[in-house]
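Engineer: here's a sequence, model it:
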Amino acid sequence: MRWEQNRRLLHREVKPKQEMYVRWQSRKRLRAAFSSKRKDEDIGWSAVLVENGRVDGKATQFHIAYLGGISQSAINLRTPAQRSFFWDKVRSRLDRLGNKVSPEQRDEIEKAIAEKVPRVSAAEREQVELNRARSFGVRDRS
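Structural biologist: Numbers count the residues shown, from 1 in each chain. Below is the predicted model of the structure:
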């Protein structure tokens, strides 16, 4: 059965690219990644870039790229460090997709992600970098 599906995909009739969007995949975590109560359950979110298309006349989604993952407890933190790390990873992955994603599509993708994981402001980002430098013992040279 599996071999037949793979063979069909190799010889498929694929229609031109349709629409690209972010699909959020969730999985339950037994323990919260960032919580004072380690027994709290948590949800891990993965952002995946997919594209609609048709194979042999049937609608299907094509996996384009994994953009990043973050837990719900990390999104809810007061400090923006985890969101900053997440957005760094997303931007890096989108940079590598420059030939597949137009600037307009990239803006739409980032807006869709920002609905679930708020962006980090410039002031918050500066504070994260300062805290990271302090934790590694780097002193400000100014």
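Engineer: show me the shaky parts of the chain.
Structural biologist: 1-18, 31-40, 138-142 (pLDDT under 70).
Engineer: what does the helix or strand Ala133 falls within contact?
Structural biologist: Per DSSP states H and E: Ala133 is located in helix 122-135. With C-beta atoms under 8 Å, 6 or more residues apart in numbering as the contact definition, helix 122-135 has outside contacts at 79-81, 84, 120, 140. All C-beta atoms are positioned from the backbone trio N, CA, C, and that covers glycine.
Engineer: can you redo the residues you listed as a markdown table with secondary structure and distance to Gly44?
Structural biologist: Below are the contacts of helix 122-135 laid out as a markdown table (DSSP: H, G, I helix; E, B strand; the rest coil; distance: C-beta to C-beta, whole Å):
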| residue | secondary structure | distance to Gly44 |
| --- | --- | --- |
| Thr79 | coil | 19 |
| Pro80 | coil | 19 |
| Ala81 | helix | 17 |
| Ser84 | helix | 18 |
| Val120 | coil | 20 |
| Asp140 | coil | 35 |
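Engineer: would you show me how to pick out the buried ones of the residues you listed in PyMOL?
Structural biologist: To isolate the buried subset of the contacts of helix 122-135 in PyMOL, counting by 16 or more other C-beta atoms under 10 Å, use the following:
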select buried, resi 80+81+84+120
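Engineer: picking up where we left off before, what is the distance between the helix holding Ala133 and the centre of its chain?
Structural biologist: 22 Å (C-alpha atoms, centre = their mean, to the nearest Å).
Engineer: before we move on, what about stretch 57-77?
Structural biologist: 5 Å.
Engineer: now it: buried residues?
Structural biologist: 64, 67-68, 70-75.
Engineer: which members of these occur in strands, if any?
Structural biologist: Applying DSSP state E to those, the entries found in strands are 64, 67-68, 70-71.
Engineer: will you turn the contacts of helix 122-135 into CSV that also has distance to Val55?
Structural biologist: Shown next, in CSV, are the contacts of helix 122-135 (distance: C-beta to C-beta, whole Å):
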residue, distance to Val55
Thr79, 45
Pro80, 41
Ala81, 42
Ser84, 39
Val120, 39
Asp140, 56
